[in-house]
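Student: I would like the atomic coordinates for the input below:
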Amino acid sequence: MNSAVSAPRARRRSRALRCGLLCGVLLWLAPAAAAQAGSARGASAAIAPPALAVTGASLTVADTGQRLYGIHPDRRLLIASTTKLMTALVVFQHVHDFSTIFTHPDWRAAPDDSQIGLVPGERMSVHDLMLALLLPSADDAAYDLAYNVGHGSVARFVAEMNADAVALGLHHTHYANPIGFDQAGNYSSPYDLTRLAAYMLAHHPFFARAVALTHATLHTGDYVREITNTDTLLGVHPWITGVKTGHTDAAGYILVSSGTRHGLTLVASVLGTTSEAARNASALALLGYGFAAFRPVAPLHRGQVLARLPVREEHRRAAVVADAGWRRVVPRFARVRLALALPRMLAGPRAARTRVGTATVLVNGRAAARVALVLSRRVPAVPLLTRLARAAVGPTTLGGLALCVGLLLAVLALRRRRGSADARRRAELEAR
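Tutor: Numbers count the residues shown, from 1 in each chain. Got it, this is the predicted structure:
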């Protein structure tokens, strides 16, 4: 009876054991399976870039120059009036008082050129000439600025444009005129255009304010002029902040455009579109893709405490901080984490800012950056008296003291016994 009952129990226990082991294995595998599923969802949720009918395009993060997407981003192309971005930069470098008055040289724009109708001898402030250069893209304003900043030599001004292109690392850019005429040697690339625009937005507040205007009034010159920005996205989309249009028959319609959403500023360039409507649609699609498909992350900040390591022979911990910050724009569904390489314990003396480890930024499991980890403060050596005191009360020393005391007591006891024996012998001798 007992054996008949015990057999089914044994079988049940065996089945329970097998089920427990299976559940344990499944639970162990679950995180990996979940991670794989998350990766699959991230891959399937990735947003595809738009199909653009352009000869070139680039999407760039304004403050870092990070290239997010491009179509022939380094191809050297005709750039029409986006040439005037560099014209403006050279003016900023040479003219610090925009109330300065320039006299228009003996030069007239062609009737079909973009212009504000300047005539030789007309006097206009640099402030108004710059607005005319950037909003309606006036060719006569560009020539006026180049001639006067170049001290009567447009060629000297263009040489400075090319020197600045080299200084900014615009490796696929060269200028032959300050206006944007289709001419051999006047070209740039989609990526270079976005980098130049981003630089101008970051370093020249007047430029950033001007290219965001839809209209402006020019009060100097022979009469008051009302001008309109040729960037027709402005005012229609509040998050669009500029920057510059261009068009010739050979170059097609061009737009370098910037936009800001949720603290992220992107600059896009589209070149060689077939119409103003196609230009605008392409720029909006490219910027919209950027804001939908990417996000900024900043897992590291300079001085950020990432660990507190114990210090040998001391009852305290030393703060370890990031030696530099790291911020980047990553795909929206990317997983970003930090991996720290640090010792388990520190020993002094060590100076402040001493490197003690490394933080690796992992994006989807791949190392995207490595940042040094340093001590926020000096870790001094343990004072000699402190070490001696600790040695005196250490377990080895205490054991030695106990042994010495034990030996001393044993010696004293032996001497007492010997003394007692000697006293008995003397007493016996005296009794005889």
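Student: tell me the contacts of the most centrally placed residue in the chain?
Tutor: Closest to where the C-alpha atoms of the chain average out (CA atoms, centre = their mean) is residue 327, at 3.0 Å. If a contact means CB atoms under 8 Å, 6 or more residues apart in numbering, then residue 327 has 64, 296, 297, 298, 300 as its contacts. (C-beta placed from N, C-alpha, C; glycine too.)
Student: tally up the residues packed near the fourth one, please.
Tutor: So that's residue 298. Residues within reach of residue 298, counting by other CB atoms under 10 Å, total 11.
Student: what sits closest to it if chain neighbours are left out?
Tutor: Among residues not flanking residue 298 along the chain, residue 327 sits closest, at 4.0 Å (CB to CB, 6 or more residues apart in numbering).
Student: what's the answer for the last one, then?
Tutor: Using CB to CB, 6+ apart and skipping the chain neighbours, the partner closest in space to residue 300 is residue 326 (4.3 Å).
Student: how much space between the closest residue to residue 153 other than its chain neighbours and residue 178?
Tutor: Closest residue to residue 153 apart from its sequence neighbours, by CB to CB, 6+ apart: residue 147 at 7.8 Å. Applying CB to CB, to the nearest Å, the value for residue 147 to residue 178 is 9 Å.
Student: so those two - more neighbours on which side?
Tutor: More neighbours surround residue 178 than the other of residue 147 and residue 178, with 29 against 21 (other CB under 10 Å).
Student: coming back round to it: quick one: which of the contacts of residue 327 is nearest residue 250?
Tutor: residue 64 (32.9 Å; CB to CB).
Student: and the closest one, how far from residue 335?
Tutor: Distance from residue 64 to residue 335, by CB to CB: 20 Å.
Student: how about the contacts made by the residue nearest to residue 228 when sequence neighbours are not counted?
Tutor: Spatial nearest neighbour of residue 228, excluding adjacent residues (CB to CB, 6+ apart): residue 215 at 5.4 Å. For residue 215, the contacting residues are 135, 226, 227, 228, 229, by CB under 8 Å, 6+ apart.
Student: hmm, back to that, touching, the residue nearest to residue 153 and residue 155? I think so.
Tutor: No - assessed by CB atoms under 8 Å, residue 147 is found out of contact with residue 155, at 10.4 Å.
Student: residue boundaries of the strands in the stretch 251-400 of the chain?
Tutor: Secondary structure of the stretch 251-400 of the chain by DSSP state E, counting those that start in this stretch: the strands cover 252-261, 264-273, 294-300, 305-310, 317-322, 326-331, 336-341, 355-363, 366-375.
Student: related to what we said a few turns ago, please identify every residue contacting each of residue 147 and residue 178.
Tutor: 154, 157.
Student: list the contacts of residue 160.
Tutor: Contacts here follow CB under 8 Å, 6+ apart; on that basis residue 160 touches 90, 93, 150.
Student: swap in 6 Å and give it another go.
Tutor: Residues in contact with residue 160 (CB atoms under 6 Å, 6 or more residues apart in numbering) are residue 90.
Student: how far away is residue 416 from residue 424?
Tutor: Distance from residue 416 to residue 424, counting by CB to CB: 13 Å.
Student: over to residue 90?
Tutor: Taking CB to CB, one finds residue 90 at 119 Å from residue 424.
Student: more neighbours: those two, which one.
Tutor: More neighbours surround residue 90 than the other of residue 90 and residue 424, with 22 against 10 (other CB under 10 Å).
Student: nearest residue to that one other than its sequence neighbours?
Tutor: In this structure, residue 90 finds its nearest non-sequential neighbour in residue 160, 5.0 Å apart by CB to CB, 6+ apart.
Student: any idea how far residue 176 is from the one you found?
Tutor: The spacing between residue 160 and residue 176, counted by CB to CB, is 13 Å.
Student: what of residue 193?
Tutor: Noted for residue 193: a distance of 16 Å to residue 176, by CB to CB.
Student: turn the contacts of residue 327 into TSV, columns for distance to residue 84.
Tutor: Below are these laid out as TSV (distance: CB to CB, whole Å):
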residue	distance to residue 84
64	25
296	30
297	35
298	34
300	39
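Student: by neighbour count, which of those residues wins?
Tutor: In terms of neighbours by other CB under 10 Å, the contacts of residue 327 top out with residue 300 at 21 neighbours.
Student: now the residue nearest to residue 228: phi and psi?
Tutor: Taking degrees, to the nearest 10, you get phi -140, psi 160 for the backbone angles of residue 215.
Student: any idea how far it lies from residue 131?
Tutor: According to CB to CB, residue 215 stands 10 Å off from residue 131.
Student: for residue 232, same thing?
Tutor: Using CB to CB, residue 232 is found at 17 Å from residue 131.
Student: looking at the two, which has the bigger crowd around it?
Tutor: Per other CB under 10 Å, whichever of residue 232 and residue 131 has more neighbours is residue 131, with 27 against 16.
Student: the more buried one contacts residue 217, correct?
Tutor: No - Residue 131 is beyond contact range of residue 217, at 8.8 Å (criterion: CB atoms under 6 Å).
Student: show me the contacts for the residue nearest to residue 138 when sequence neighbours are not counted.
Tutor: Closest residue to residue 138 apart from its sequence neighbours, by CB to CB, 6+ apart: residue 132 at 4.1 Å. Residues in contact with residue 132 (CB under 6 Å, 6+ apart) are 116, 138, 141.
Student: just checking, residue 132 is part of a strand?
Tutor: No - Residue 132 sits outside any strand when classified using DSSP: H, G, I helix; E, B strand; the rest coil, being helix.
Student: what bridges to residue 328?
Tutor: residue 297 (DSSP bridges).
Student: where does it land on pLDDT?
Tutor: Residue 328 carries a pLDDT score of 94 in this model.
Student: tally up the residues packed near it, please.
Tutor: By the measure other CB under 10 Å, the count of residues near residue 328 is 20.
Student: what's the distance between it and residue 80?
Tutor: 33 Å.
Student: please apply the same query to residue 133.
Tutor: Distance, residue 133 to residue 80, by CB to CB: 14 Å.
Student: comparing those two, which shows the higher neighbour count?
Tutor: residue 133 (30 against 25).
Student: surely that one and residue 85 touch.
Tutor: No - if you go by CB under 6 Å, residue 133 and residue 85 don't touch, sitting 9.7 Å apart.
Student: contacting residues for residue 319?
Tutor: By CB under 6 Å, 6+ apart, the contact list for residue 319 reads 305, 308, 376.
Student: might one say that the first one is in contact with residue 321?
Tutor: Yes - judged on CB under 6 Å, residue 305 makes contact with residue 321 at a distance of 5.4 Å.
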